[in-house]
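*Asks:* quick one: sequence plus predicted model below, questions after.
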Amino acid sequence: MAATVKAPASSANLGPGFDTLGLALALYNTVELEEGGPGLELSVTGEGEGVLDQRPEENLAVTTIDRFYAGLGRARPALRVRMDNRVPLARGLGSSAATIVAALAAANELSGAGFSKDRLFGLAVDIEGHADNVAAAVYGGLTIAYRQGETFQVRRLGPADSIGGVAMVPETSLSTAEARAALPDQVSRESAVFNVGRTALLVEALLTGDLSAAGAGLEDALHQPFRRPLIVDFDSAAQAAIEAGAVGAFISGAGPTVAAFYDRAVEAEIKAALPAALAAAGSKRRALFLDVDAAGVVTD
Ligand code: HSE
């Protein structure tokens, strides 16, 4: 028995939609499971190769698979686990969520448990802790994850095809724990109202493709002002994107990737101008132009 599953990268928050909005991106982590072997064999290619496979007992895919089988009340079979990671690690692009979701879906397939996507979503949130990234990795598209009592629910939307996105990925990483530790426990009513308005504007822009108010719609008062000191070149990356033709820029997830939206009518111009604008600003960030993933986690 074998199973191969891929799950997409994601950008969480999208500026004002803190811990709520997620956008799935066409860049994938793949988990392949094959029954057999002496116990557990793990290999990793791509991001984290030679690092993530050093200690199988601490590997996120392996620990996730173990939790899945423990939840079934069954022993994990002897397995060969192959990970192929294309999502940069600890950059605010949902690499952990993609790995957890792919590992759960692969174990679901291999075990014959037959859990639904909704059930896998709940399990993945329990492990990952951030429903916004997990929602995008499971369902694809633009997701709204919201707490309902003890659980999280998701609405999945399709953003307008006319909107393009770029992720400016730095060489350095930032842990989500550190980026969350920078946030205050209390926010003012003014900040809360600011974000309610911005989030409404942003969702309207993403659904209609009318980006005229999207620059304002990407502004945020809940997390970005506190994380910017940890992402010292945020302003230069954001400015480079806007000069190249983007409507606004934001911290992707907990950072340090900075992302931006633009109208595809100017795609050729922005693709030509952004790398040079980043270089002129002294930035070593890579510009990754990424399509939206519409499918979420997929079993081959
Ligand atoms: N919404 C979470 C945060 C995403 O901003 O901390 C973590 O990837």
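*Replies:* The structure has been received and is ready for your questions.
*Asks:* use CA for all of it now, contacts and neighbours both
*Replies:* Will do.
*Asks:* quick one: is the one helix or strand Thr30 maps to near the ligand?
*Replies:* Element membership for Thr30 (DSSP states H and E) is strand 21-35. No: judged by CA under 6 Å from any ligand atom, strand 21-35 and the ligand are separated, with a smallest distance of 8.1 Å.
*Asks:* what residues sit buried inside the helix or strand following that strand?
*Replies:* Heading C-terminal from strand 21-35, the first helix or strand you meet, by DSSP H and E, is strand 40-46. If you call a residue buried by 16 or more other CA atoms under 10 Å, then strand 40-46 has these buried ones: 40-45.
*Asks:* stretch 286-294 - what's its average pLDDT?
*Replies:* The average pLDDT for stretch 286-294 rounds to 98.
*Asks:* okay, buried residues for it please.
*Replies:* Neighbour count says stretch 286-294 has 286-287, 289, 292-294 buried, by 16+ other CA under 10 Å.
*Asks:* just the helices in the chain please.
*Replies:* 60-72, 95-111, 117-128, 131-139, 176-181, 189-208, 214-217, 224-227, 234-244, 267-280 (DSSP state H).
*Asks:* distance from the last one to the middle of the chain?
*Replies:* This means helix 267-280. Taking the mean of its C-alpha atoms, helix 267-280 sits 24 Å from the chain's own mean (CA atoms, centre = their mean, to the nearest Å).
*Asks:* tell me what that helix is packed against?
*Replies:* Here helix 267-280 touches helix 234-244, strand 286-289, going by 3 or more CA pairs under 8 Å, 6 or more residues apart in numbering; DSSP states H and E.
*Asks:* contacts only, for Ala213.
*Replies:* Residues near Ala213 by CA atoms under 8 Å, 6 or more residues apart in numbering: 201-202, 205.
*Asks:* picking that back up, and the helices of the chain: which comes nearest Leu157?
*Replies:* Among the helices of the chain, the nearest to Leu157 by CA to CA is helix 189-208 (7.8 Å).
*Asks:* which other residues reach the closest one?
*Replies:* The contact list for helix 189-208 (CA under 8 Å, 6+ apart) reads 16-17, 157-160, 163, 210-214, 216-222.
*Asks:* buried residues in that helix?
*Replies:* For helix 189-208, the neighbour count (16+ other CA under 10 Å) marks 194-195, 198-199, 201-207 as buried.
*Asks:* among these, which ones lie close to the ligand?
*Replies:* Near the ligand, judged by CA under 6 Å from any ligand atom, there are no entries from the buried residues of helix 189-208.
*Asks:* how far away is the residue nearest to Met168 when sequence neighbours are not counted from the ligand?
*Replies:* Nearest non-adjacent residue to Met168, counting by CA to CA, 6 or more residues apart in numbering: Ala287, 4.5 Å away. Taking CA to the nearest ligand atom, to the nearest Å as the measure, Ala287 falls 19 Å from the ligand.
*Asks:* residues touching Ala287, list them.
*Replies:* Shown in contact with Ala287 (CA under 8 Å, 6+ apart): 166-169, 274-275.
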